[in-house]
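J.: Sequence and predicted structure, then a few things I'm wondering about:
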Amino acid sequence: MRLRNRHGSHVDPVPFVVVAGLTFMILLSFGPLYGQALGLSLETAIALSGALFGVAAVVAFYRQVWTARPETIGAVPSAVRAERLFYLIPILTALIVALAVPLVVG
């Protein structure tokens, strides 16, 4: 998959695919459950989760592909990027646990 930004430069699609995949996983896993807990029908909750995923995917595409500047990729050292990724793992884990707690307790 060869994605191009608004200037025609090739952009790495992996960050966009990862963000879109995680967004899909979280919204379609927890969205219908929370929707039903708030009194929505299952069909409405799934449709709303799908719509939210669509909006999130468009925003991720805009930020990570359309406005990406591949020429600045070396501006941040790889050690700093790896450290940020390492810190993101426990944050994402805590987010998933926090989303599941009200469904287990209630």
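T.: Received it, and whenever you're ready, just let me know what you need.
J.: pull the longest helix from the chain.
T.: If you go by DSSP state H, the chain has its longest helix at helix 78-105.
J.: who does it touch, helix- and strand-wise?
T.: Judged by 3 or more CB pairs under 8 Å, 6 or more residues apart in numbering; DSSP states H and E, helix 78-105 is in contact with helix 14-37. Just so you know, the C-beta spots here come from the backbone N, C-alpha and C atoms, and that holds for glycine as well.
J.: so how far is the helix it packs on off the chain centroid?
T.: Relative to the centre of its chain, helix 14-37 is centred 7 Å away, using CA atoms, centre = their mean, to the nearest Å.
J.: Would you mark the buried spots in that helix?
T.: By 16 or more other CB atoms under 10 Å, the buried positions in helix 14-37 come out as 16, 19-20, 23, 26-27, 30-35.
J.: returning to that earlier point: between the longest helix of the chain and helix 14-37, how many degrees?
T.: Relative orientation of helix 78-105 and helix 14-37, computed by axes from the mean of the first three to the mean of the last three CA atoms, to 10 degrees: 10 degrees.
J.: Right, I'll leave it there.
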